[in-house]
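Here you go, sequence then predicted model.
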Amino acid sequence: MDRRDRKRGLGAGSAGMGDGFLMEVCVDSVESAVNAERGGAGRIELCAGLMEGGTTPSMGLLQVVKQCVRVPVFVMIRPRGGDFLYSDRDLEVMKADTRLAKLHGADGLVFGALTEDGRIDTELCTALLAVCRPLPVTFHRAFDMVHDPLVALETLVSLGFERVLTSGCDSSALEGLPLIKRLTEQAKGRIVVVPGGGITERNLQRILEGSGAPEFHCSARSARDSGMKFRNSSVAMGASLSVSEYSLKVADVAKVRTLNAIAKNIL
């Protein structure tokens, strides 16, 4: 796969490239992955724990997803929730997970790491990129926590990342649209700037037209009631503020199709 193909993430097919726009859907289950592909996603970002912003998925999940979908599957490498300041042991976990993800068919990898003063951790990134290759790599929304995004973008280019996922260092891609546009212009094709964060059918057209980005990232999820008939409302498996065990968030085929249709109708 040459550099241009790696940038596009087309290693396993080109679905979802309506009029040049590629839609990446982040998922944390086999059902969501299948729904994303059915709806027209051109690439899947596979995670666990989307309520925490996404962490490394199990290799069992990756294996089964790869059996069920044909579009490229990029695997999140994030050993825990919380910040992006990682220890040497965190890095060892990330390296091990990367090797396993490659072994089990990952088409690309997604990670990010920062220094304590909000800069790209070039030492960690260099070490982990070496393990990731020859697969394409995206720097995830740790980018939105950097001290100086314009300087950080140049660092990512020099390190060799193919993509950077960002909400424009704001609460959503719509709010961060001016910075996303500036980053896209600065990138000049050297790295793909991918808007992500709060993208819906109501704001996608404005974000794509306003940013000039060739790709976008979304979850396109809906809540689905659990099939459990017996329910113990006194017990929660996660934090008390977490969502109910009896409400499942799943990628919605109709939402994915709608977003894909909007992207195809732009230009």
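Happy to help now that I have it.

Find the residue at the geometric middle of the protein.
Against the mean C-alpha coordinate of the chain, by C-alpha atoms, centre = their mean, the closest residue is residue 45 at 4.8 Å.

mind checking how far the most far-flung residue of the chain relative to its centre is from residue 154?
The C-alpha centroid of the chain is most remote from residue 230, which lies 35.0 Å away (C-alpha atoms, centre = their mean). According to C-beta to C-beta, to the nearest Å, residue 230 and residue 154 sit 56 Å apart. In short, each C-beta sits where N, CA and C put it, glycine included.

Report the mean per-residue pLDDT for the longest helix seen in the chain.
Across the chain, the longest stretch assigned as helix under DSSP state H is helix 88-103. Average pLDDT, helix 88-103: 98.

other SSEs contacting it?
Judged by 3 or more C-beta pairs under 8 Å, 6 or more residues apart in numbering; DSSP states H and E, the packing partners of helix 88-103 are helix 59-68, strand 108-111, helix 122-132.

Now do the buried residues in that helix.
90, 91, 93, 94, 95, 97, 98, 100, 101, 102 (16 or more other C-beta atoms under 10 Å).

Now tell me what touches that helix from outside.
Contacts with helix 88-103, where a contact means C-beta atoms under 8 Å, 6 or more residues apart in numbering, come from 56, 59, 62, 75, 77-80, 86, 109, 111, 124, 127-128, 131-132, 135.

repeat that with 7 Å
Helix 88-103 has contacts (C-beta atoms under 7 Å, 6 or more residues apart in numbering) with 56, 59, 62, 75, 77, 79, 109, 111, 124, 127-128, 131-132, 135.

Could you single out the nearest of those to residue 167?
Within those, proximity to residue 167 (C-beta to C-beta) peaks at residue 111, which comes in at 17.3 Å.

Report the contact partners of that closest one.
Residues near residue 111 by C-beta under 7 Å, 6+ apart: 77, 78, 94, 128, 140.

Over to residue 189?
Neighbour list for residue 189: empty [criterion: C-beta under 7 Å, 6+ apart].

Could you look up the SS state of it?
Assigned by DSSP: H, G, I helix; E, B strand; the rest coil, the conformation of residue 189 is coil.

So what sits opposite the nearest residue to residue 187 once chain neighbours are set aside in the bridge?
Using C-beta to C-beta, 6 or more residues apart in numbering and skipping residues adjacent in sequence, the residue nearest residue 187 is residue 193, 5.4 Å away. Using DSSP bridges, the bridge partners assigned to residue 193 are residue 164.

Hmm, residue 215 and residue 193 touching each other?
No. Using C-beta atoms under 7 Å, residue 193 makes no contact with residue 215, being 8.5 Å away.
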